[in-house]
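1. The following comprises the amino acid sequence and a computationally predicted model.
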Amino acid sequence: MQKLTYALLILVSGTLGFSLARNQSVPTVTDAGQQDEQKWREKEKKIKDRFPTVEYNKLESDPDKKAKKKRYNDFDWVYTTVGPEITQAIFTPEPHVTFAALPVTESDIVVVGTLGSGQAHLSDNKKNIFSEFTLIVEDVLKSKNSGIAQGAVLTVDRTGGHVIYPNGQKVLFRTSGMNMPQIGSRYLFFLTSKHNKEDLSILTAYELTESGAAPLDELQEVDALKGLSEKEILQRVRELIPSSSK
């Protein structure tokens with residue numbers, strides 16, 4: 001289990017891996033910059049709204065779900081109680097997350113698909129949170145599982161989500177730079193297996209839009225492909241697949 005260092009307001013240098021925030025930091029505001037600030041706030045709200053929500057005291061009766069929640073007892077960052085001043089908790093991995101812009105080699109599965117639903121869950125010990133999505137597969141570019149084909153429905157996870165505490169306080173737990181996909185949108189997903197191949201995790205993804213590929217995550221590595229057409233980005237992936245294990 002990873003041990004995290006906690007700070008209340010800001011992330012300090014490279015020695016702290018976790019921060020709790022009373023208010024999200026905002027750009028310095030000038031008369032000329034008010035429009036940029038508004039755009040920034042709207043973007044932040046859109047990103048945060050994509051994170052699913054779970055109530056802290058929600059009970060689980062499904063044995064399969066309970067088993068999965070126990071597998072997520074492998075991380076410790078959710079507080080038992082929080083005060084009204086805490087709105088967000090951000091985990092920053094050290095060293096920082098790095099991977100190729102198109103991480104074909106690092107992925108067990110690469111698919112194009114549409115998200116059908118999403119739900120946040122607390123781990124069995126209530127110290128971790130993960131969000132679970134259903135993914136309807138449209139095209140399989142790489143898979144180590146021969147059972148995955150067009151029309152298959154996968155369950156994919158990503159750590160993070162909103163927690164509503166008994167006092168009504170809502171806190172967002174997230175990993176720095178890593179966002180949640182939008183329900184109903186089409187993505188190129190890069191997925192990895194975890195927990196002895198019992199669960200699938202989102203490594204990264206690109207939303208496939210009419211205006212081009214939109215990186216899911218705010219990382220330098222993936223930002224390089226922003227705006228590529230769907231045809232272009234899928235072609236690049238296919239060119240990388242022969243050099244990786246299928």
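-> Nice, thanks for sending it over.
2. Quick one: neighbours of residue 172, just the number.
-> Residue 172: 20 surrounding residues under other C-beta atoms under 10 Å. In this view, the C-beta of every residue, glycine as well, is placed from N, C-alpha and C.
3. the strands in the protein, which residues?
-> Ranges of strands in the chain, per DSSP state E, are 18-21, 53-55, 88-91, 109-122, 129-143, 153-159, 161-164, 170-175, 186-194, 199-209, 212-215.
4. mind putting these in JSON lines, distance to residue 235 included?
-> Below are these laid out as JSON lines (distance: least, C-beta to C-beta, whole Å):
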{"stretch": "strand 18-21", "distance to residue 235": "40"}
{"stretch": "strand 53-55", "distance to residue 235": "38"}
{"stretch": "strand 88-91", "distance to residue 235": "35"}
{"stretch": "strand 109-122", "distance to residue 235": "13"}
{"stretch": "strand 129-143", "distance to residue 235": "11"}
{"stretch": "strand 153-159", "distance to residue 235": "23"}
{"stretch": "strand 161-164", "distance to residue 235": "34"}
{"stretch": "strand 170-175", "distance to residue 235": "30"}
{"stretch": "strand 186-194", "distance to residue 235": "12"}
{"stretch": "strand 199-209", "distance to residue 235": "13"}
{"stretch": "strand 212-215", "distance to residue 235": "12"}
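5. Can you tell me which of those is nearest to residue 226?
-> Between residue 226 and the strands of the chain, the tightest spacing by C-beta to C-beta is seen for strand 212-215, at 5.7 Å.
6. Would you tell me which helix is longest in this protein?
-> helix 34-49 (DSSP state H).
7. Would you mark the buried spots in that one?
-> Buried residues in helix 34-49, counted by 16 or more other C-beta atoms under 10 Å: residue 48.
8. Now do that helix and strand 170-175, the angle between them.
-> Per axes from the mean of the first three to the mean of the last three C-alpha atoms, to 10 degrees, the angle that helix 34-49 makes with strand 170-175 is 90 degrees.
9. how many neighbours does the spatially closest residue to residue 107 that is not a sequence neighbour have?
-> Nearest non-adjacent residue to residue 107, counting by C-beta to C-beta, 6 or more residues apart in numbering: residue 190, 4.2 Å away. Using other C-beta under 10 Å, residue 190 has 27 neighbouring residues.
10. Sweet, I'm off.
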